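Asks: Sequence and predicted structure are below.
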Amino acid sequence: MNKPGLPSHSNFIRQIIESDLSSKKISQICTRFPPEPNGYLHFGHAKAIWLNFSLAKEYGGRTHLRFDDTNPEKEEQQYVDAIKDVVHWFGYNWGDHEYYASDYFQKLYDFAEELVRRGHAYVDSQSAEQMREARGTLTQAGTDSLYRDRDASTNLLLLREMRDGKHMDGKHVLRAKIDMASPNINLRDPVMYRIRHVHHHRTGAKWKIYPTYDWAHGTSDAIERITHSLCTLEFEDHRPLYDWFNQRLAEAGLLERPLPQQIEFARLNLTYVVLSKRLLIQLVEENHVDGWDDPRMPTLAGGRRRGYTAEGFRRFVERAGVSKAHQVIEFGILEDAMREHLNEVAPRRMAVLDPVKLIIENYPQGREEQVEIANHPQQPAAGKREVPFSGELWIEREDYQENPAKGYFRLYPGNEVRLRHGYVVKCIGMENDVVRCTYHEDSRSGTPGADKYKVKGNIHWVSAKTALAAKVHLYDRLFHVAAPGTMRDFLLDLNPESKRTITAQLEPALRYSKTGESFQFERHGYFAKDPKDGGFNRTVTLRDSWGKATP
């Protein structure tokens, strides 16, 4: 049932969807991406975004963006805005289907009252500590609350008093009445409402009670008529609870069938990063990084600022695949996806990161000429640019050796190399930290007879007179081990070389680059214009320098 022109990546979720469509169980697929607006999205969310939006698009359905905003103490509008921005950047659009769990607060409350009337929920007045003790363990059943058999009228009265703010925080909770002896601890009379006298970023002070995530999440899916609720594996044990809530509401005539089908898949785990929200918060709050969008952070905001592309992320998650099995993906696979895409789209520019002066002694003083260079060697349509050339240049310090190592073909006394796109020069030596050369006037690249000069070395350069001196951030992996925090404090595994800032000499065309624009700095890697300080961030090197690293 894969449609022509669309990618075919077979996985068990696609097979379920195709079966449901073929059997007429559903007429149109509807998925949702349901972030909690209490932080920034990380690399793991890239998989959920891609999976929900791409599957719905492939099968002619729709995807809802729904914010599960049930915890007002930790939620802010800035997170909502940041999430919407990054999903749009990813290339997806939810149209008119932007929803919030808070849109359903009244409906959820009305549902709760009906469950109380039907004997499926009760108000519990135990303390939080008493409830924890009575919940039991994974091997020991819980025990019923003393308040479990309150009559419906008393429960309704107390619930309405909770709603109206007549009780302090923690005095009561509303619980589902399921089974305190269930082997699934999520079914042991879970809390549905707790009292919170706090301000909500959308509903203000209207509500004094707030639904728990487990009560609101699956029920919101059903309200929106989601057909396939795609969740990561940690929610597998919650599925029976979501189904229980929805079944009871459907029996009461409050929800339409068919009810949502939750399907769990393995979350995206990566080497050399941490994706725990708690650990990411610690990195930010303790100033180990420069905020949530630090280019070293495994947040989508950080990756975007670093120069990672949405297309690179899409290619990465497609290659990572969808399965039920726990997996840890090599960080190098993400970097390869970025290299592949940037190689296709990034214009080439010359940049000298560790500059040393080179003077061509016999080049006419004051002369400057323009060298025409292709913007992209594999894409003629990208056009060409003119780069100024003169007798005083910046070159890489590593391109000169006084006493050359075996196999070294760049500059050393007596050797000749070609200045890329320019002339062949012969090295005289170095004096006062300046490399001195002479040039062959008839050796300019692309001119008749220039190919008579046979040299093994070819180095890049930037004209000193017109060069752009710019800040360049050399970013590397935030952690120097593949599994940070294994058997010790994860902070001990931070890579002290994860960021180094230098002043580089760049070809003048980069003076007019735009925020977020990516380039390949020849020989060095891919770099993006930083939106905050105007410098350039190294996105990824040209080759994997960690391939032989020891975890």
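Replies: Perfect, I can see it now.

Asks: which residues in this protein form helices?
Replies: 12-22, 43-58, 77-89, 105-117, 128-134, 152-163, 213-223, 239-251, 277-285, 300-306, 310-320, 331-345 (DSSP state H).

Asks: Now mean neighbour count and distance to Lys454 too, for the ones you listed, in JSON lines please.
Replies: Heads up, the C-betas are built off the backbone N, CA and C, glycines and all. Shown next, in JSON lines, are those (neighbours: other Cβ atoms under 10 Å; distance: least, Cβ to Cβ, whole Å):
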{"stretch": "helix 12-22", "mean neighbour count": "15", "distance to Lys454": "56"}
{"stretch": "helix 43-58", "mean neighbour count": "22", "distance to Lys454": "48"}
{"stretch": "helix 77-89", "mean neighbour count": "17", "distance to Lys454": "49"}
{"stretch": "helix 105-117", "mean neighbour count": "18", "distance to Lys454": "78"}
{"stretch": "helix 128-134", "mean neighbour count": "13", "distance to Lys454": "80"}
{"stretch": "helix 152-163", "mean neighbour count": "17", "distance to Lys454": "87"}
{"stretch": "helix 213-223", "mean neighbour count": "24", "distance to Lys454": "70"}
{"stretch": "helix 239-251", "mean neighbour count": "19", "distance to Lys454": "70"}
{"stretch": "helix 277-285", "mean neighbour count": "15", "distance to Lys454": "53"}
{"stretch": "helix 300-306", "mean neighbour count": "24", "distance to Lys454": "41"}
{"stretch": "helix 310-320", "mean neighbour count": "21", "distance to Lys454": "39"}
{"stretch": "helix 331-345", "mean neighbour count": "19", "distance to Lys454": "29"}
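
Asks: want to throw those helices into CSV with mean pLDDT?
Replies: Formatted as CSV, the helices of the chain follow (pLDDT from 0 to 100):
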stretch, mean pLDDT
helix 12-22, 95
helix 43-58, 96
helix 77-89, 95
helix 105-117, 98
helix 128-134, 96
helix 152-163, 98
helix 213-223, 98
helix 239-251, 98
helix 277-285, 95
helix 300-306, 97
helix 310-320, 96
helix 331-345, 97
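
Asks: which residues does Ala320 contact?
Replies: Lys47, Leu268, Gln327, Ile329, Ile333 (Cβ atoms under 8 Å, 6 or more residues apart in numbering).

Asks: go with 10 Å
Replies: 46-47, 50, 266, 268-270, 327, 329-330, 333-334, 337 (Cβ atoms under 10 Å, 6 or more residues apart in numbering).

Asks: and Glu522, what does it touch?
Replies: Arg348, Arg349, Met350, Ala351, Ile373, Arg420, His460, Glu507, Leu542.

Asks: which residues of the stretch 401-550 of the chain score low on pLDDT?
Replies: By pLDDT under 70, the low-scoring segments of the stretch 401-550 of the chain are 547-550.

Asks: again, only this time at 90
Replies: 449, 543-550 (pLDDT under 90).

Asks: residue boundaries of the strands in it?
Replies: 416-419, 424-431, 434-439, 457-459, 462-463, 468-475, 499-506, 518-521, 525-529, 536-541 (DSSP state E, counting those that start in this stretch).

Asks: and Asp103, which of these is closest to it?
Replies: strand 525-529 (37.3 Å; Cβ to Cβ).

Asks: Could you tell me the angle between that closest one and strand 468-475?
Replies: 110 degrees (axes from the mean of the first three to the mean of the last three Cα atoms, to 10 degrees).

Asks: What would strand 525-529 look like as PDB? C-alpha coordinates only.
Replies: The C-alpha trace of strand 525-529 is given here as PDB (Å, rounded to 0.1, in the frame of the first residue of the first chain):
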ATOM      1  CA  GLY A 525      34.400  20.600   7.500                       C
ATOM      2  CA  TYR A 526      30.900  22.100   7.600                       C
ATOM      3  CA  PHE A 527      30.300  25.400   9.400                       C
ATOM      4  CA  ALA A 528      27.200  27.500  10.100                       C
ATOM      5  CA  LYS A 529      26.700  31.200  10.800                       C
END
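
Asks: which one of the helices of the chain lies closest to Glu392?
Replies: helix 331-345 (31.6 Å).

Asks: re earlier: now render the strands of the stretch 401-550 of the chain as a markdown table, adding mean neighbour count and distance to Trp244.
Replies: Putting the strands of the stretch 401-550 of the chain into a markdown table (neighbours: other Cβ under 10 Å; distance: least, Cβ to Cβ, whole Å) gives the following:
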| stretch | mean neighbour count | distance to Trp244 |
| --- | --- | --- |
| strand 416-419 | 22 | 73 |
| strand 424-431 | 18 | 78 |
| strand 434-439 | 19 | 76 |
| strand 457-459 | 18 | 69 |
| strand 462-463 | 24 | 67 |
| strand 468-475 | 18 | 47 |
| strand 499-506 | 17 | 49 |
| strand 518-521 | 23 | 49 |
| strand 525-529 | 25 | 48 |
| strand 536-541 | 23 | 47 |
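
Asks: JSON lines for those strands, including distance to Ser220?
Replies: Shown next, in JSON lines, are the strands of the stretch 401-550 of the chain (distance: least, Cβ to Cβ, whole Å):
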{"stretch": "strand 416-419", "distance to Ser220": "64"}
{"stretch": "strand 424-431", "distance to Ser220": "69"}
{"stretch": "strand 434-439", "distance to Ser220": "67"}
{"stretch": "strand 457-459", "distance to Ser220": "61"}
{"stretch": "strand 462-463", "distance to Ser220": "56"}
{"stretch": "strand 468-475", "distance to Ser220": "39"}
{"stretch": "strand 499-506", "distance to Ser220": "41"}
{"stretch": "strand 518-521", "distance to Ser220": "38"}
{"stretch": "strand 525-529", "distance to Ser220": "37"}
{"stretch": "strand 536-541", "distance to Ser220": "37"}
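
Asks: Figure out which of those is closest to Tyr400.
Replies: strand 434-439 (5.0 Å).
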